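Colleague: Need a 3D model of the following:
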Amino acid sequence: MSYVILDLEWNGAFSKSAQKFVNEIIEFGAVKLDEKLNVVDTFSSLITPKIGKRLSGKVKQLTKINFEELVDGGVYFFTAADSFAKFLGDSTLMTWGTSDIHALIENYLFYTKDYHIPFLKSYCDLQEYCQRALDRYDAANQMGLGVCAELLGIEFSEDEQHRAEADALLSRECLVKLIDKYPVSSCVLKADCEEFYRKMMFIPPM
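Modeller: Modelled structure (predicted):
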């Protein structure tokens, strides 16, 4: 089995057409791992915004991305999403926590009026996995990626974090440290079904 760890960066932008704020994705970053968790490929793409006309100060401070960089070096959301779908293939998708999945759902819903993520077949929340492996699982107190890395003795630069690919690589290091302590399969969910979306979106069963 292969895995792809995805990290997204996004910017809160107000949509006049939808009359609400949307967490508009501005960067995809991912690493593909083989069954031994070796990095076999990477993926990175900036997204040209269609909703927001500027980046919030917090986003610029955390990511060191500026709006001009997105306009000049980015691609449209679906161009990046289609490329990422090919990169993912049949691998299990992993993210640190579910906020990136929520952002993907929100962007697909905004652009297509359909909340389904077409390329998503199986999914693992690495945050939950690491907390369970560390025997620190608490749904009400989710562990940050940096905190987990520090607990595991992983050295990392704060300056390099909050960029999608760097966060994906740090997530992978946490996974490597814990893989022999807890089975990943126990946290892998079937994601191409309504039950998955009900869980992610808190939709009550019909």
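Colleague: Next, count neighbours for Val75.
Modeller: 16 (other CB atoms under 10 Å). (C-beta placed from N, C-alpha, C; glycine too.)
Colleague: ditto for Arg54
Modeller: 12.
Colleague: which residues in this structure form helices?
Modeller: 57-63, 67-73, 77-88, 99-112, 126-133, 145-151, 164-178, 194-201 (DSSP state H).
Colleague: Ile47: which of the ones you listed is closest?
Modeller: Nearest of those to Ile47, taken as CB to CB: helix 77-88 at 5.5 Å.
Colleague: Now do that closest one, average pLDDT.
Modeller: Mean per-residue pLDDT for helix 77-88: 98.
Colleague: Next, the angle from that helix to helix 99-112.
Modeller: 130 degrees (axes from the mean of the first three to the mean of the last three CA atoms, to 10 degrees).
Colleague: I'd like to know which elements helix 77-88 is packed against.
Modeller: Judged by 3 or more CB pairs under 8 Å, 6 or more residues apart in numbering; DSSP states H and E, helix 77-88 is in contact with strand 3-15, strand 20-33, strand 39-46, helix 99-112.
Colleague: Could you dump the ones you listed into TSV with mean neighbour count, distance to Ser171 and mean pLDDT added?
Modeller: Shown next, in TSV, are those (neighbours: other CB atoms under 10 Å; distance: least, CB to CB, whole Å; pLDDT from 0 to 100):
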stretch	mean neighbour count	distance to Ser171	mean pLDDT
strand 3-15	21	5	96
strand 20-33	21	8	97
strand 39-46	16	12	97
helix 99-112	18	11	96
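Colleague: returning to what we had before: can you redo the helices of the chain as TSV with distance to Ile51?
Modeller: Below are these laid out as TSV (distance: least, CB to CB, whole Å):
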stretch	distance to Ile51
helix 57-63	13
helix 67-73	12
helix 77-88	10
helix 99-112	8
helix 126-133	27
helix 145-151	27
helix 164-178	19
helix 194-201	20
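Colleague: Contacts only, for His102.
Modeller: Asn23, Met200, Met201 (CB atoms under 8 Å, 6 or more residues apart in numbering).
Colleague: Equivalent analysis for Glu69, please.
Modeller: So Glu69 contacts Leu46 (CB under 8 Å, 6+ apart).
Colleague: again, only this time at 10 Å
Modeller: Ile26, Glu27, Leu46, Leu55, Thr63 (CB atoms under 10 Å, 6 or more residues apart in numbering).
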